[in-house]
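S.K.: Just a sequence and a predicted model for now, questions to come.
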Amino acid sequence: MLGKVGLFDPTKSENLIELRPDHYVSETRLESLDGGVSQELSKMLATDAYAEADTNARRALASGDIASARSFLQPWAEEVGRLQEALQLALTLCDAFMFMPAAPRRP
């Protein structure tokens, strides 16, 4: 829904994470990271507040009112943004890994 109302575009540069391939031994994504992200997003979607916002946004879209649909979903877009920022920081600091990390290099 966030994409439908223009609140999230996965192709935008701020939604991409630059990784250094030499820091990883495999291009196979770690299920633990994907599972953790999915779990956090599922928690958001499972709330009554999100269900109400989603229903209201769908009604607004059905009547052609994109601005209202955006306003209903804006708090959730901000929540997803905070999750994304935390994940980007964790990946940058190597507190989380998207792929199997390579052994530390010696200077």
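M.R.: Ah, there it is.

S.K.: Flag the shaky bits of this structure, pLDDT-wise.
M.R.: Per-residue confidence for the chain (pLDDT under 70) gives these ranges: 15-24, 26-27, 105-107.

S.K.: Now do the strands in it.
M.R.: 24-29, 99-101 (DSSP state E).

S.K.: Give the bridge partners for residue 29, please.
M.R.: residue 99 (DSSP bridges).

S.K.: Make 765 the first number, not 1, from now on.
M.R.: Happy to do that; since the first residue is 765 now, the last one works out to residue 793.

S.K.: That one is in contact with residue 861, isn't it?
M.R.: No: Residue 793 is not in contact with residue 861 according to CB atoms under 8 Å; the separation is 9.7 Å. For every residue, glycine as well, the C-beta is placed using N, CA and C.

S.K.: neighbour-wise, which of these two wins?
M.R.: Ranked by neighbour count (other CB atoms under 10 Å), residue 793 and residue 861 place residue 861 first, with 16 against 12.

S.K.: Quick check on the more buried one: phi, psi?
M.R.: phi -130, psi 140 (degrees, to the nearest 10).

S.K.: which residue is nearest the middle of the chain?
M.R.: residue 848 (4.9 Å; CA atoms, centre = their mean).

S.K.: in the longest helix seen in the chain, what's buried?
M.R.: Ordering each helix of the chain by length in residues (DSSP state H) puts helix 830-856 first. Buried positions in helix 830-856, judged by neighbour count with 16 or more other CB atoms under 10 Å: 832, 833, 834, 836, 837, 840, 841, 844, 851, 852, 855.

S.K.: Next one: the third one from residue 808, what distance?
M.R.: By that I understand residue 834. Residue 834 is 17 Å from residue 808, where distance means CB to CB, to the nearest Å.
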